[in-house]
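# 3D, please:
(4 chains)
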Number of protein chains: 2
Amino acid sequence: MANIKDIAKRAGVSVTSVSRVLNNHPYVREDKREAVLQAMEEFNYQRNINAVHLSKGETLLIGVVVPFTNHPYFGLLLEGIANEAMKNNYKLVLFQTNYEEKREIEALKMLQHKQIDSLIICSRICAWEVISQFTEYGPIVLCEDARNQNVSSTFIDHYMTFTNALEYLHNKGHRKIGYCIGRRAGANSRQRGKAYADFVRRIGESNSEDYVFYECLNFEHGEEVVQRLLKMDHPPTALLVTSDFAAAGIVTSCREKGIRIPVDLAIMGFDNQPIAKIMHITTLEIPLVEMGKKLLLQAIDRESNSHQEISVKLIERETV
Amino acid sequence: MANIKDIAKRAGVSVTSVSRVLNNHPYVREDKREAVLQAMEEFNYQRNINAVHLSKGETLLIGVVVPFTNHPYFGLLLEGIANEAMKNNYKLVLFQTNYEEKREIEALKMLQHKQIDSLIICSRICAWEVISQFTEYGPIVLCEDARNQNVSSTFIDHYMTFTNALEYLHNKGHRKIGYCIGRRAGANSRQRGKAYADFVRRIGESNSEDYVFYECLNFEHGEEVVQRLLKMDHPPTALLVTSDFAAAGIVTSCREKGIRIPVDLAIMGFDNQPIAKIMHITTLEIPLVEMGKKLLLQAIDRESNSHQEISVKLIERETV
DNA sequence: TTAATTTATGAAACGCATTTCATAGCAAGA
DNA sequence: TCTTGCTATGAAATGCGTTTCATAAATTAA
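Next up, the predicted model:
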């Protein structure tokens, strides 16, 4: 394969001039530029991207860390990120971690080694102390409130959101309210747990672990929730479900078991995924595609860190 | 940042020896190896991956082209690919094309420019003539029958699968059978269309466009299908739906509208996604995760092209 | 003991484009 | 006419690790 040197020789100019042509630098006389372009055509020249990367120290690649690719929440977020990446001529390197810390560290190391320019972490596992060791190597963007960290972030206030949702259910007359959530750990889960604890204390109920359902990520997990509900002596009369797909699973399972919604059980989903609309699930709209877009824009901003709070909107339908 | 030269100087050896240590080459005396390792520690040495890439001409990056990331079919396929990539120390570069040809070409160009070592195209748009121009630059792997092309492929025989499914419905007494599919174009869709055409001819029915539903990709599209069914004078009594999520949407919508399943309408899904199990949908199991794994293994095999046919399995449940 | 291997080591070439720096030519302003 | 200030151009340095090749030293085989 021809390289820049061959082109230079053929066109009768220096490699510098060829490089200028490649990078649209103005200081090249028109006839020389023509000669270079023609030589490139003739040799079917392809510039070696890895040499460019080495030379420039950047790759136009942005890493994206997600626990699972096959999950509607991350799917939509990823879609937003991917669309914006496209527009800005960046490509994405996908890291599926399955929530293994070492996978996240691998991604951070790729940032350190300049194989990617920035890193978007959609769901964090590593401790802040670990993350902060890598901030010097390039922008790191989080999808959680990270205002007191040396990174950028786009997030929603889960404490407030959860509190509002609980109040809404409370106003509808519910006193025994439970919630379904993805993983036990994680900053967002902690915020929600705190909101829940504060809420039940405020209304004078007890904070029972029975009313919390973990690992509630997807449609198929809805069935397990309903199985557990059926075994309870005093089941909750309302559930906050942090995924529309899980909510849809619960609704479907309830129908099968004869649990009437919202009479016997009120369900409030999260995200406002298309499935929520079809199944008439009351939900909190989280603009995931828009969040993805913002995450990417923060990732390509090498100048400064920023923090954006995204607000959610209640979509009232028929399950509450 | 320290480079290999600094380490060499500090350890009192040549850069060659440092490189040997980095690459676990045996010909380095133990004491020198120690010295090098210590120097690296001391300087907190990080090897510049881009220099490695330039030098070696490979990146350990594999491109994956999908039309949408936010789709359960590709989500699962991607999961299989991602898991296997992890095991083999490869990373993935994601190309979301939204079925725009130029996006696919961008991916092919990254292969040409050696920014990725191989390319997996999960759903092709480009013509074979275009693809074949890039085969010289690295392995290209397709997710469709490409046995007569200069690429590798992992595929299922859609003609046979569709025929078998139609026969199955026929044996259950159905004569008016329709089908729902994603996009109109595409090699797989054509195979299915052909299978359908041949089948209806064989059983002496007419091949009506009315019985074909396009753009049937996701849960939310099920509702549209049911809307259309309700308006038909002679609706099909059975539907082959090439996505479990779409099938689930149809089932859900039918319940709402009072269409009894399978009495009024039989539904057969595709993929055997978890949602099919929960909703007791009869479906054809396509081992997507396994397919993803095979795709990746073919992608990292630089030696030779191969073709693997994957067989599907009928999972009988309650919607037929 | 000699010949043939194997082990160990480093200089230099290689992969390739970008960028800095020095220089020359030319035009506009003083 | 003499400065300034651009425009244009190329040599050389830079980014950095891998690999080839030549050579020396240490073993093993004959």
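# and the strands in the stretch 51-200 of chain A?
A:61-66, A:91-96, A:118-121, A:140-142, A:152-156, A:177-180 (DSSP state E, counting those that start in this stretch).
# among these, which comes closest to DNA strand C?
Checking these against DNA strand C by Cβ to the nearest atom of the strand gives strand A:61-66 as the closest, at 16.1 Å. No exception for glycine: its C-beta is placed from N, CA and C like everyone else's.
# which strands and helices lie in contact with that closest one?
Judged by 3 or more Cβ pairs under 8 Å, 6 or more residues apart in numbering or on different chains; DSSP states H and E, strand A:61-66 is in contact with helix A:72-87, strand A:91-96, helix A:101-112, strand A:118-121.
# contact partners of the first one?
Okay, so that is helix A:72-87. Under the criterion Cβ atoms under 8 Å, 6 or more residues apart in numbering or on different chains, residues A:62, A:64, A:66-69, A:91-92, A:94, A:120, A:122-123, A:143, A:218, A:243-245, A:271, A:273, A:275, A:288-293, A:295-297, B:68-71, B:75, B:94, B:96, B:98, B:103 lie in contact with helix A:72-87.
# change it to 7 Å
Contact with helix A:72-87 is made by A:62, A:64, A:66, A:68, A:91-92, A:120, A:122, A:243, A:245, A:271, A:273, A:288-293, A:295-297, B:68-70, B:75, B:94, B:96, as judged by Cβ atoms under 7 Å, 6 or more residues apart in numbering or on different chains.
# over to stretch A:121-139?
Stretch A:121-139 is contacted from outside by A:64-67, A:74, A:77, A:97, A:99, A:101, A:104-105, A:108, A:111-112, A:117-119, A:140, A:142-144, A:149-152, A:186-187, A:298-299, A:301-302, using Cβ under 7 Å, 6+ apart.
# quick one: is that stretch near DNA strand D?
No. For stretch A:121-139, no contact with DNA strand D is found by Cβ under 7 Å from any atom of the strand; the gap never falls below 12.6 Å.
# centre of the chain to that stretch, how far?
15 Å (Cα atoms, centre = their mean, to the nearest Å).
# can you pull the buried residues of that stretch?
A:Ile121, A:Cys122, A:Ser123, A:Arg124, A:Ile125, A:Cys126, A:Ile131, A:Phe134, A:Thr135, A:Tyr137, A:Gly138, A:Pro139 (16 or more other Cβ atoms under 10 Å in any protein chain shown).
# just stretch A:190-198 next, same as before
Residues of stretch A:190-198 classed as buried by neighbour count (16+ other Cβ under 10 Å): A:Gln191, A:Arg192, A:Gly193, A:Ala195, A:Tyr196.
# next, count neighbours for A:Ala185.
Neighbour count of A:Ala185, defined by other Cβ atoms under 10 Å in any protein chain shown: 12.
# excluding its backbone neighbours, what's nearest it?
Among residues not flanking A:Ala185 along the chain, A:Ile125 sits closest, at 7.9 Å (Cβ to Cβ, 6 or more residues apart in numbering or on different chains).
# pretty sure A:Val15 sits against A:Ile7.
No. With contact defined as Cβ atoms under 7 Å, A:Val15 does not reach A:Ile7; the gap is 8.0 Å.
# neighbour count winner among those two?
A:Ile7 (26 against 14).
# now do the same contact list for the residue of the stretch 151-300 of chain A found nearest DNA strand D.
DNA strand D sits closest to A:Ile300 of the stretch 151-300 of chain A, with a gap of 22.3 Å, by Cβ to the nearest atom of the strand. Residues near A:Ile300 by Cβ under 7 Å, 6+ apart: A:Asn88, A:Tyr90, A:Ser118.
# surely the last one meets A:Ile62?
Okay, so that is A:Ser118. Yes. Using Cβ under 7 Å, A:Ser118 is in contact with A:Ile62, at 5.0 Å.
# between those two, what contacts are shared?
Overlap of the contact sets of A:Ser118 and A:Ile62 (by Cβ under 7 Å, 6+ apart) consists of A:Ala299.
# per-residue pLDDT of whichever residue of the stretch 201-320 of chain A sits closest to DNA strand C, please?
Nearest residue of the stretch 201-320 of chain A to DNA strand C: A:Arg302, at 14.1 Å (Cβ to the nearest atom of the strand). For A:Arg302, the model assigns a pLDDT of 84.
# quick check on it: phi, psi?
Main-chain torsions, A:Arg302, degrees, to the nearest 10: phi -80, psi -10.
# quick one, grab the pLDDT at the residue nearest to it when sequence neighbours are not counted.
Leaving out its chain neighbours, the residue that sits closest to A:Arg302 by Cβ to Cβ, 6+ apart is A:Pro139, at 6.1 Å. Per-residue confidence (pLDDT) for A:Pro139: 94.
# now swap in A:Thr161 and tell me
96.
# ok, A:Glu136 next?
On pLDDT, A:Glu136 comes in at 87.
# now distance to B:Met1 too, for the strands of the stretch 51-200 of chain A, in a markdown table please.
Shown next, in a markdown table, are those (distance: least, Cβ to Cβ, whole Å):
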| stretch | distance to B:Met1 |
| --- | --- |
| strand A:61-66 | 19 |
| strand A:91-96 | 21 |
| strand A:118-121 | 18 |
| strand A:140-142 | 19 |
| strand A:152-156 | 24 |
| strand A:177-180 | 47 |
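# is chain B contacted by stretch A:278-296?
Yes. Residues of stretch A:278-296 contacting chain B under Cβ under 7 Å from any Cβ of the partner chain: A:Ile278, A:Met279.
# ends of that stretch, how far apart?
Stretch A:278-296 stretches 30 Å from its first residue to its last (Cα to Cα, to the nearest Å).
# buried ones in it?
Under the neighbour-count criterion of 16+ other Cβ under 10 Å, stretch A:278-296 has A:278-279, A:281-289, A:291-296 buried.
# packing partners of the lowest-mean-pLDDT helix or strand in chain A?
Between all helices and strands in chain A, the lowest mean by mean pLDDT, DSSP states H and E belongs to helix A:274-278, at a mean of 88. Secondary-structure packing of helix A:274-278 (3 or more Cβ pairs under 7 Å, 6 or more residues apart in numbering or on different chains; DSSP states H and E): helix A:244-257.
# ok, and what's touching the helix it packs on?
Contacts for helix A:244-257 (Cβ under 7 Å, 6+ apart): A:72, A:180, A:216-223, A:225-226, A:230, A:239, A:241, A:261, A:265, A:267, A:269-273, A:275-276, A:279, A:281, A:283, A:319, B:278-279.
# all set, thanks.
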